[in-house]
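Enquirer: Here's my sequence, what's the structure:
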Amino acid sequence: MPPPVPAAMPPVPEDWQNEVDYEALIRNPEVRDVLAKQKPAAVRMTGEEFVETFGKILKSPVSLVPVMAIMQDVNGRLGVHTGKTRSESYRQPVGRVIVTALCALARDGHKVQDVHQASDGCMLICEIPSDMFSLAGQLLVTIHREPEGASVHADTRTEGQPFDWGKSNACLNRLFNGIEAGA
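Expert: Residues are numbered from 1 along each chain as shown. All right, here's what the predicted structure looks like:
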């Protein structure tokens, strides 16, 4: 049996600012240079590190990190979660909006875990890292081509936690401020 034929990679566009294909965008040398220059903010203490340190201070006989993970899972199964939603439209080419969103995500330390491609846009599935105020969560950023530019819709969700002390709003503010500044 012959080996499977790999899926054809989209060509690298010269005019990336109007490109909607994520793979084509990130293979463009100009876009790669812009993304490579994005530096995440200073490393913060993760929620797991905070809980581990707190456990040492309390002289806990068991590690609190697995207990925290179990509680998050149980609460998530019970439907406990927090999250926020925000949408904006921009009078900029869709490719430019996608790239500025990727830059804002990189600066904020959000790793793109998966991408769902559509003919008129893409959805970026990103991790929101844990910190001492909130557990790890997920950020979904959907970008669509519009007749006069592009629209961005973003959702945050943290399972197993009823509130996040403003982390979701801050995350969305940094994302949309970054897009606005770059676009």
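Enquirer: Give the helix, strand or coil label for the residue nearest in space to the middle of the chain.
Expert: By Cα atoms, centre = their mean, the chain has its centre lying nearest to Cys126, at 3.0 Å. The three-state label given to Cys126 by DSSP: H, G, I helix; E, B strand; the rest coil is strand.
Enquirer: And the strands in this structure?
Expert: 81-82, 85-90, 111-118, 121-128, 137-146, 149-159 (DSSP state E).
Enquirer: For the last one, name the packing helices and strands.
Expert: Read it as strand 149-159. Strand 149-159 sits against helix 64-77, strand 81-82, strand 85-90, helix 94-107, strand 121-128, strand 137-146, helix 167-182, with contacts defined as 3 or more Cβ pairs under 8 Å, 6 or more residues apart in numbering; DSSP states H and E. The C-beta positions use only the backbone N, C-alpha and C, and glycine is treated the same way.
Enquirer: Give the buried residues for the first one.
Expert: Yep, that's helix 64-77 we're talking about. For helix 64-77, the neighbour count (16 or more other Cβ atoms under 10 Å) marks Leu64, Val65, Met68, Gln72, Asn75, Gly76 as buried.
Enquirer: Report the separation between the second one and Ile179.
Expert: This points to Val65. 35 Å (Cβ to Cβ, to the nearest Å).
Enquirer: Equivalent analysis for the third one, please.
Expert: For Met68, the distance to Ile179 under the criterion Cβ to Cβ works out to 33 Å.
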